[in-house]
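Novice: The following block contains a protein sequence and its predicted model.
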Amino acid sequence: MSESKRGRRREIIGTVVSDKMDKTIVVEVTHTFRHPLYGKVLRRRSKFYSHDQNNQAKLGDVVRLGETRRLSHQKRWRLIEVLKKAQA
């Protein structure tokens with residue numbers, strides 16, 4: 001199917017915090033926002049379980065994930081590409 005038929009799917013960029021599972025990585029995404037009343041800049045972190053078919057992402061890598069159908073109880077994202085490898 002083409003992208004126009006399925007619609008544009010969400011993509012997120014984050015850092016791999018766990019690669020201990022087979023074909024699964026845990027990616028942490030940090031986003032900042034300003035508090036609506038007090039104006040303080042706040043940081044929030046979210047963790048996403050993602051499918052990594054070839055086990056190519058390693059701990060500390062910066063990766064791009066794409067939204068997909070539910071693959072398991074927690075996995076709703078798929079690894080698209082590794083943007084930056086972690087320092088050894």
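Specialist: Sure, I can see it.

Novice: Surely residue 47 and residue 17 touch.
Specialist: Yes. Residue 47 lies in contact with residue 17 (Cβ atoms under 8 Å); the separation is 7.0 Å. All C-beta atoms are positioned from the backbone trio N, CA, C, and that covers glycine.

Novice: what do the two both touch?
Specialist: In terms of Cβ atoms under 8 Å, 6 or more residues apart in numbering, residue 47 and residue 17 are both contacted by the residues 26-28.

Novice: Among those residues, name the ones in helices.
Specialist: Using DSSP state H, no member of these falls within helices.

Novice: Neighbour-wise, which one of those leads?
Specialist: The residue in the shared contacts of residue 47 and residue 17 with the most neighbours, by other Cβ atoms under 10 Å, is residue 27 (26 neighbours).

Novice: For the spatially closest residue to it that is not a sequence neighbour, give me its contacts.
Specialist: Of all residues not flanking residue 27 in the chain, residue 14 sits nearest, at 4.1 Å (Cβ to Cβ, 6 or more residues apart in numbering). Counting by Cβ under 8 Å, 6+ apart, residue 14 makes contact with 27-30, 48, 62-63, 65.

Novice: can you do 10 Å?
Specialist: Contact analysis of residue 14 by Cβ atoms under 10 Å, 6 or more residues apart in numbering lists 25-31, 45-48, 50, 61-65, 77, 83.
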